[in-house]
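A predicted structure for the sequence below; I have some questions about it.
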Amino acid sequence: MCSSIHRRGVLGGMSAAAIMTLLRSNYAAALQPPAAQALATRQSVTVLIPNRLYRIGCTVPAQRLSWLAEDIPGGFEPLNAYLLIDQQNAVFIDMGAPIMLPAIREAIDTVVGSRRAWASYTRNEADCIGNMGWILGSCPDPTLLFGGAGGILEWINDPAVSIMEVRDFLGRVPIVESRNGTTNRIGELSIEWLDAGLKQMLMTQWAFEPSSGCLFTSDAFGFRHLRSADQSLIVETARRLPAPQTVARELVARMHWMRGANYPDVLVRFETIFAERDVQMIAPVHGCIIRGRAAVRAHVRLMLEAMRLASEIPSEEETRYV
Amino acid sequence: MSESTPASPQGAYIVRGLPRRVLPDLAWLGGCSNSAGWPGPASRRRPITHEPCVAYLILGAQKTVMLDTGHFAHWHSLEGQIEQMLQGRTLDYVFVSHQEIPHTGNLGRLLGKYPQAKAGGDVRDYHLFHPEIALERLVPMRHGEALDIGDRQIVFLDALWKDLDSTMWAYDTRLKMLFGADIFGYIHQDDENICGTMLHEMSPELAERASERAALPFFGLRQRSQTSRVAAFRRLLERYPVEIITSGHTAPIMAGMTAQIIEKMLAKLDSPTEGPRYLQS
């Protein structure tokens, strides 16, 4: 791909953003057009709270998605990342799946601007860190908020960039710890990090930002889908909720461990998280955003009921070996 | 807030002792994650621990198959490893165990490098993570379905211990080899110098120690008895006799050690006090 020794000599004094700009200009011509990109629609940035909180994302057909109990014919699924801002700072809470890169680029151009960028993620899966390379390479003065373990800077998966150049991020992107049980003050923003109230992957974080009242719930609370492509992404009502059994079936599609399990401690902790915070908005990585205290309370009650029902759903894999 | 920018950054994904051609038709690829390379204070944790992040290449009589793709962070070495082990052949198929980056993060690069190759497994979500891949190259495979590669079949199996709900295992009917995704993963220490080494190549004491530190990343182990799953695994072994164990996080377990390692792992899983242990990859 390149003469890495010579290139490193040239790149030695450059910032991460400058490196990425140079590399993209070299490699862009070699890219194949994205085959599945056409599946994504409504690539956009949505204002949730003016001058404070934005949703970034797209919608895809509600089919071929592992967290759904079954395909939803004619349905659509929002895929989400979020941006918290004040005058000086722009904090990404998750960075979305690669299919939503056009929305990420729009957010960088129209919202981040010249603000100092911070990148955080609730899980190290591709729907949360899929655009990390683009964000760290394109935003001014990026800093990575790091809550877990593992060499996360080497998880950048940008097909436009040689892996040897990605490794040049090491030593160039500052790291700030964001461990569970701690709070990062970034300008006017105060972001609390906590172990997820419901999770499938061991290293899953939730984040709570009090000025917006927003709880970022990663892969939990993603059970509100779109019946049509133009339906609102935001649920603000406690009416017409899905049935608890329906939510339970979807819960175990993602949180497989709940099938046939017993988890009173998980239920207690889940409830406590909401009892201890004034949550006014729930922001998942997929599914609709839930906004307003009444809507939040109703969906939390629904989740608890569904979580109890989920334990009654049997796992199927054992029956395959008879 | 503490802020650190390492003066001498060390990669968290290293390659030692790989690739290896374990058998004429089986190659072991990839490397290890390395805790000394993690960002920030985590890099100073001692002892330094490694976890294999590996993939396997089966060279069938007519077709070749990769089992998982290895970690994206190893691509700098993995690309050459694959070429070396293919010895001029092309890659025909990729078995995808589940859509987690350490296991299938290189799918886009692999299918870009081998434009005729296809990926098979539970292929939901991959179109979101790899929009560059044409949808027809992502082939849904269900439990019990098989890929014929000339001198054997690769059977797709529903995993009994799942990192993600979509996790599948693969079984090679000629090698009698199970690829178990995240099960049978082990963590070792940097100072043990066993990267790229199989258990039967170690001293008995080292092999015993190396097979004690199982990595069990399955949240929910404590919330449910594993007895029925252990019983189901034994039934799996009756249907699909296993002489070689592989996974995304282990060296091949073979050469007379398979049965004892299986029993050791099943005893751990069936223990009421055993819980999930973080997989450091």
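Perfect, thanks for sending it.

which residues are in contact with residue A:155?
A:124, A:129, A:132, B:72, B:73, B:101, B:105 (Cβ atoms under 8 Å, 6 or more residues apart in numbering or on different chains). The way it works is simple: take the backbone N, C-alpha and C, and place the C-beta from them, glycine included.

could you check the pLDDT of the fourth one?
We note a pLDDT of 86 for residue B:72 in this prediction.

count of residues packed around it?
For residue B:72, the number of neighbouring residues by other Cβ atoms under 10 Å in any protein chain shown comes to 26.

and it, how far from residue B:193?
Separation of residue B:72 from residue B:193 (Cβ to Cβ, to the nearest Å) stands at 26 Å.

next, give phi and psi for the closest residue to residue A:279 other than its chain neighbours.
Of all residues not flanking residue A:279 in the chain, residue A:215 sits nearest, at 4.7 Å (Cβ to Cβ, 6 or more residues apart in numbering or on different chains). When read as degrees, to the nearest 10, the backbone of residue A:215 gives phi -110, psi 120.

residues contacting residue A:215?
Contacts of residue A:215 (Cβ under 8 Å, 6+ apart): A:206, A:207, A:208, A:273, A:277, A:279, A:281, A:282, A:283.

for it, give the beta-bridge partners.
With DSSP bridges as the criterion, residue A:215 is bridged to residue A:208, residue A:282.

same list, the contacts of residue A:155, but as JSON lines with secondary structure please.
Converted to JSON lines, the contacts of residue A:155 look like this (DSSP: H, G, I helix; E, B strand; the rest coil):
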{"residue": "A:124", "secondary structure": "coil"}
{"residue": "A:129", "secondary structure": "helix"}
{"residue": "A:132", "secondary structure": "helix"}
{"residue": "B:72", "secondary structure": "helix"}
{"residue": "B:73", "secondary structure": "helix"}
{"residue": "B:101", "secondary structure": "helix"}
{"residue": "B:105", "secondary structure": "coil"}
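
which other helices and strands does the helix or strand that contains residue A:298 contact?
Assessed by DSSP states H and E, residue A:298 sits inside helix A:293-310. Helix A:293-310 sits against helix A:244-254, helix A:264-275, strand A:281-284, with contacts defined as 3 or more Cβ pairs under 8 Å, 6 or more residues apart in numbering or on different chains; DSSP states H and E.

if we go to 6 Å?
helix A:244-254 (3 or more Cβ pairs under 6 Å, 6 or more residues apart in numbering or on different chains; DSSP states H and E).

list the buried residues in the helix it packs on.
A:244, A:247, A:248, A:249, A:250, A:251, A:252, A:253, A:254 (16 or more other Cβ atoms under 10 Å in any protein chain shown).

residues near the nearest residue to the second one once chain neighbours are set aside, how many?
Looking back up the chat, that one is residue A:247. Leaving aside its sequence neighbours, residue A:247 sits nearest to residue A:306 (Cβ to Cβ, 6+ apart; 3.7 Å). Using other Cβ under 10 Å, residue A:306 has 22 other residues around it.

now do the contacts for residue 78.
No chain was given, so I picked chain A. A:57, A:59, A:233 (Cβ atoms under 6 Å, 6 or more residues apart in numbering or on different chains).

the chain in question should be chain B.
Taking Cβ under 6 Å, 6+ apart, one finds residue B:70 in contact with residue B:78.

assign a three-state SS to it, would you?
Applying three-state DSSP: residue B:78 is helix.

list phi and psi for the residue nearest the centre of chain B.
Taking Cα atoms, centre = their mean, the centroid of chain B lies closest to residue B:248, which sits 0.8 Å from it. Note on residue B:248: backbone dihedrals following degrees, to the nearest 10 are phi -70, psi -10.

ok, which residues in the stretch 151-281 of chain B are in contact with chain A?
Neighbours of chain A within the stretch 151-281 of chain B, by Cβ under 6 Å from any Cβ of the partner chain: B:158, B:160, B:162, B:165-166, B:217, B:219-220, B:223-224, B:228-229, B:232, B:235-236, B:276, B:278, B:280.

quick one: buried ones out of these?
Buried among those by 16+ other Cβ under 10 Å: B:158, B:160, B:162, B:165-166, B:217, B:219-220, B:223-224, B:228-229, B:232, B:236, B:276, B:278, B:280.

can you pull out the strands in the stretch 151-281 of chain B?
Along the stretch 151-281 of chain B, counting by DSSP state E, counting those that start in this stretch, strands occupy B:153-158, B:168-172, B:177-179, B:185-186, B:188-189, B:214-215, B:244-247, B:250-253.
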